[in-house]
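A.B. asks: Whatever this is, show me its structure:
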Amino acid sequence: MTDTRYDRAPGDRPILADMEEATSGVTIYTIGLVLAVVLTATSFWVANTSLLWPPGVPLGLAVLAIAQMGVHLVFFLHITTGPDNTNNVLALAFGILIVFLVVVGSLWIMSNLNDNMMPPAELMNMPMRH
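C.D. replies: Numbering: from 1, shown residues only. Presented below is the predicted three-dimensional model:
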């Protein structure tokens, strides 16, 4: 017999008795909550401190935001790489694709409108005659 092993995230429920299962679920959600609060507080500290190199602050905030997304995906949405979780991962990827298309398409449309609707620079700098 082969021993089939599946990837497990911290938020996945193990096969336990009912009481142990409820306790395990509360523990996992509590760990996720603590991590999310720590990452949020760290983000506020990074944005408001003068101890860090100012050009590095946006990069630090981006790293903390990605970590926050990872905590939410693993601890609260229970997204793993296991074979039983393929539909969830595909739904998440499709959602990310749609958001990317909406954001990039909106920026493209706004840039195109800005180029085509603004009067030429020569007209903007002409002196007014009264």
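A.B. asks: I'd like to know how many residues surround Val74.
C.D. replies: By the other CB atoms under 10 Å criterion, the neighbourhood of Val74 contains 18 residues. C-betas here are computed from N, CA, C, even on glycine.
A.B. asks: and the host helix or strand of Val38, what other elements does it pack with?
C.D. replies: Using DSSP states H and E, Val38 maps to helix 18-48. Packing partners of helix 18-48 (3 or more CB pairs under 8 Å, 6 or more residues apart in numbering; DSSP states H and E): helix 57-71.
A.B. asks: Mind listing what's buried along the helix it packs on?
C.D. replies: In terms of neighbour count (16 or more other CB atoms under 10 Å), helix 57-71 has its buried residues at 60, 64, 67-68, 71.
A.B. asks: what would those residues look like in a markdown table with distance to Met118 and pLDDT?
C.D. replies: Shown next, in a markdown table, are the buried residues of helix 57-71 (distance: CB to CB, whole Å; pLDDT from 0 to 100):
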| residue | distance to Met118 | pLDDT |
| --- | --- | --- |
| Gly60 | 36 | 94 |
| Leu64 | 37 | 97 |
| Ala67 | 40 | 96 |
| Gln68 | 38 | 96 |
| Val71 | 43 | 95 |
